[in-house]
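Student: sequence-free structure coming up:
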């Protein structure tokens with residue numbers, strides 16, 4: 001059965017469009033695309049261009065998110081480790097200069113480089129859209145983890161400087177439970193997500209541009 005016999009309309013009628021197929025299509029890796037149509041399965045070997053043609057337009061965003069989640073695993077584990085280590089050091093009374101070395105904020109400059117390299121290496125068809133999804137999700141997940149630490153700080157009245165109300169934290173006089181558990185952590189999270197996304201787009205965008213330049217020059221030759 002030829003590739004031309006498949007269309008996005010056919011894909012829309014299938015019972016299941018596997019997320020893995022979207023991942024392979026966006027990442028641009030030759031592999032098997034599998035659709036489930038009742039008891040029959042149709043396998044098709046194709047490259048990226050065919051995958052993108054087969055996947056309905058409304059599923060492209062889902063594909064970008066699937067790719068981002070696959071690449072977010074290790075950066076998020078690193079962020080979690082940094083958060084836990086910092087809390088541990090703060091509770092032990094470590095100097096502020098040491099605690100600041102274990103800040104999630106540093107990852108907003110480093111992790112987008114990793115995203116940019118991966119996007120350029122796999123030649124994602126929409127690199128800037130893909131980068132935006134990556135850095136946005138990374139910012140959302142990491143700031144939610146940090147927001148939980150601010151809620152914990154309010155619950156147990158941690159006195160580390162970053163948790164104090166004078167520095168935008170949740171510990172101090174006049175902070176209500178609503179502010180300590182919800183308003184302040186979410187306010188800080190939103191501000192940091194916006195900042196992390198902007199920084200990530202700049203750093204990751206530069207990385208993609210630098211990484212793709214040699215390939216473009218070779219193609220011209």
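Tutor: Everything's here; your move. All of these numbers come straight from a predicted model, not from anything done at the bench.

Student: For the longest helix along the chain, buried residues please.
Tutor: Longest helix of the chain, by residue count under DSSP state H: helix 184-220. Applying a neighbour-count criterion of 16 or more other CB atoms under 10 Å, one finds 184-185, 188-189, 192-193, 196-197, 199-201, 203-205, 207-208, 211-212 buried in helix 184-220. C-beta coordinates here come from the backbone N, C-alpha and C atoms, glycine included.

Student: just checking, what packs against the one helix or strand residue 97 maps to?
Tutor: Element membership for residue 97 (DSSP states H and E) is helix 96-99. For helix 96-99, the helices and strands in contact under the criterion 3 or more CB pairs under 8 Å, 6 or more residues apart in numbering; DSSP states H and E are helix 60-92.

Student: list the helices and strands the helix it packs on packs on?
Tutor: helix 19-27, helix 96-99, helix 107-122, helix 127-156.

Student: Identify whichever of these lies nearest to residue 80.
Tutor: Closest to residue 80 of the helices and strands packed on helix 60-92, according to CB to CB: helix 127-156, at 6.4 Å.

Student: Any chance you could list what contacts the following helix or strand past the closest one?
Tutor: Per DSSP H and E, the first helix or strand lying C-terminal to helix 127-156 is helix 177-178. With CB atoms under 8 Å, 6 or more residues apart in numbering as the test, helix 177-178 has contacts from residue 154.

Student: next one: stretch 100-115
Tutor: Stretch 100-115 is touched from outside by 71, 75, 78-79, 82-83, 85-86, 89, 131, 134-135, 138-139, 142-143, 145-146, 192, 195-196, 199-201, 203-204, 207, with contacts defined as CB under 8 Å, 6+ apart.

Student: Stretch 202-218 too?
Tutor: Counting by CB under 8 Å, 6+ apart, 109, 112-113, 115-117, 119-121, 127-128, 131, 134-135 sit against stretch 202-218.

Student: rerun that using 10 Å as the cut-off
Tutor: 108-121, 123-124, 127-128, 130-132, 134-135 (CB atoms under 10 Å, 6 or more residues apart in numbering).

Student: sorry, back to before: any buried residues in the helix holding residue 97, and which?
Tutor: residue 99.

Student: What's the mean pLDDT across it?
Tutor: What helix 96-99 shows for mean pLDDT is 94.

Student: cool, stretch 131-142 as well?
Tutor: pLDDT averaged over stretch 131-142 gives 97.

Student: if we can go back for a sec, specify the angle between the longest helix of the chain and helix 127-156 in degrees.
Tutor: 160 degrees (axes from the mean of the first three to the mean of the last three CA atoms, to 10 degrees).

Student: so where is the chain shaky, pLDDT-wise?
Tutor: Residue ranges of the chain with pLDDT under 70: 1-60, 214-221.

Student: care to break it down by domain?
Tutor: Listed by automatic domain parsing, the domain ranges of the chain are 3-55, 61-220.

Student: Name the stretch among those that sits most buried.
Tutor: Comparing the domains of the chain by mean neighbour count (mean count of other CB atoms under 10 Å), domain 61-220 ranks first with a mean of 17.
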